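[1] All I have is the shape, not the residue letters:
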């Protein structure tokens with residue numbers, strides 16, 4: 001009799017899983033939420049061949065309303081953190097999905113499900129050894145990255161590394177041209193991250209030096225491209241303060257939480273007139289919505305292309321300057337041992353502590369020539385100072 005009851009329970013759960021799959025597929029989230037209210041067992045139930053739960057599906061669909069409703073039911077009926085730590089076939093939690101999508105609202109909802117233990121979710125790694133913090137940086141979601149960083153307990157540098165290949169968030173942001181985020185990572189972590197190399201001995205500076213298109217000195221323009229390039233002004237990168245209290249104030253807002261202007265507090269407003277950036281933003285808005293469409297209507301795509309190139313050149317020059325401030329660890333080569341980020345579970349205070357060791361366990365040196373690398377990088381840094389050769 002007990003065996004029969006057990007079989008009926010399993011059959012009931014299987015049918016429920018099929019219903020959840022059908023409801024999520026057709027965006028019928030009201031039915032899913034209702035079932036979450038009545039049956040806590042389905043909170044961790046895989047519903048598709050990717051082993052996603054309903055919460056994974058809602059996060060991947062960027063459905064912030066459904067995520068909030070499901071998380072509220074999880075908080076009410078079960079241990080929130082244990083259910084939210086449920087992983088899919090890739091090893092991703094719902095927070096991994098929300099961070100990868102770049103939804104600050106969903107990340108806040110999931111983390112604040114348990115304010116005392118929410119930081120534990122940030123420490124979870126998927127099968128590639130990536131944390132939600134790492135995924136947010138790899139996809140270039142700046143506000144999500146700094147929100148998760150602020151939620152970490154203690155030093156977050158260990159969570160900024162992917163264990164499968166040893167790359168840090170700085171490696172990934174430079175590889176994928178997320179220069180704004182890379183610039184702020186250098187400023188926030190300083191020498192704690194700029195000197196780390198991956199398992200192949202590649203440092204962030206190697207990545208930047210391997211991007212000749214990132215610097216003006218390597219660009220060859222036609223005369224009209226050069227003229228447009230010289231006439232374009234690019235707003236330099238600014239260090240911004242990402243306050244966790246400001247992010248929390250956005251909870252429940254229906255506005256776009258990924259791009260709220262109120263989250264930016266410039267730390268450099270004291271070096272320019274008080275209304276400088278406001279005036280600049282008004283001028284750029286006028287240019288973007290009135291002048292720019294007229295230019296594009298006349299087929300001046302060259303201006304748009306030149307702007308993208310100049311942004312890349314100016315911003316990479318700023319990043320190189322940031323690396324130069326920590327040249328003792330950034331310019332790794334034959335005479336300087338490279339710092340390898342320790343494996344997870346090992347305490348680190350940056351390159352000054354246990355994390356300071358040579359590549360490949362301390363026995364192998366990086367084979368790149370330091371003087372050549374430094375010379376090439378400094379030569380490439382002449383953004384705006386070197387004359388571009390016209391075709």
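    Structure received. Because the structure is predicted, anything quoted here is derived from the model rather than measured. Numbering: from 1, shown residues only.

[2] Go ahead and confirm residue 159 touches residue 121.
    No: at 11.2 Å, residue 159 does not count as touching residue 121 under the criterion of C-beta atoms under 8 Å. The C-beta positions use only the backbone N, C-alpha and C, and glycine is treated the same way.

[3] which of the two has more neighbours?
    Ranked by neighbour count (other C-beta atoms under 10 Å), residue 159 and residue 121 place residue 121 first, with 25 against 21.

[4] What is the burial count for the spatially closest residue to that one that is not a sequence neighbour?
    Distances taken as C-beta to C-beta, 6 or more residues apart in numbering place residue 95 nearest to residue 121, at 4.8 Å, with adjacent residues excluded. By the measure other C-beta under 10 Å, the count of residues near residue 95 is 28.

[5] which ones are touching residue 95?
    Going by C-beta atoms under 8 Å, 6 or more residues apart in numbering, residue 95 touches 84, 107, 110, 111, 121, 122, 124, 132.

[6] Report the separation between residue 21 and residue 86.
    16 Å (C-beta to C-beta, to the nearest Å).

[7] circling back to that earlier point, redo the contacts of residue 95 as a markdown table? Include pLDDT, distance to residue 46 and secondary structure.
    Below are the contacts of residue 95 laid out as a markdown table (pLDDT from 0 to 100; distance: C-beta to C-beta, whole Å; DSSP: H, G, I helix; E, B strand; the rest coil):
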| residue | pLDDT | distance to residue 46 | secondary structure |
| --- | --- | --- | --- |
| 84 | 93 | 15 | helix |
| 107 | 95 | 22 | helix |
| 110 | 94 | 18 | helix |
| 111 | 94 | 23 | helix |
| 121 | 93 | 19 | helix |
| 122 | 94 | 23 | helix |
| 124 | 94 | 17 | coil |
| 132 | 96 | 20 | helix |
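
[8] Taking these together, which two end up most distant?
    Farthest-apart pair in those is 107 and 124; separation 13.3 Å (C-beta to C-beta).

[9] any shared contact partners between those two?
    95, 132.

[10] Have a look at those two and say which one is more surrounded.
    Counting neighbours by other C-beta under 10 Å for residue 107 and for residue 124 shows that residue 107 has the greater number, 33 against 18.

[11] which residues sit against stretch 65-81?
    Residues outside stretch 65-81 that contact it (C-beta under 8 Å, 6+ apart): 29, 32-33, 36-37, 40, 43, 54-55, 58-59, 83-84, 94, 98, 106, 109-110, 113-114, 117-118, 120-121.

[12] picking that back up, including distance to residue 235, could the contacts of residue 95 go into a markdown table?
    Below are the contacts of residue 95 laid out as a markdown table (distance: C-beta to C-beta, whole Å):
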| residue | distance to residue 235 |
| --- | --- |
| 84 | 39 |
| 107 | 28 |
| 110 | 34 |
| 111 | 32 |
| 121 | 35 |
| 122 | 32 |
| 124 | 37 |
| 132 | 30 |
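
[13] Return the member of these nearest to residue 139.
    residue 132 (10.8 Å).

[14] which residue packs closest to that closest one, ignoring adjacent ones?
    residue 99 (3.9 Å).

[15] tell me the contacts of the one you found?
    107, 132, 133, 135, 136, 139, 141, 144, 148.

[16] 7 Å instead?
    Shown in contact with residue 99 (C-beta atoms under 7 Å, 6 or more residues apart in numbering): 107, 132, 135, 136, 141, 144, 148.

[17] Wait, a strand at it?
    No: under DSSP: H, G, I helix; E, B strand; the rest coil, residue 99 falls outside any strand and is assigned helix.

[18] In terms of pLDDT, where does it sit?
    Per-residue pLDDT puts residue 99 at 96.

[19] go on, residue 123?
    93.

[20] Please apply the same query to the one 4 residues further on.
    Model confidence at residue 127, expressed as pLDDT, equals 95.
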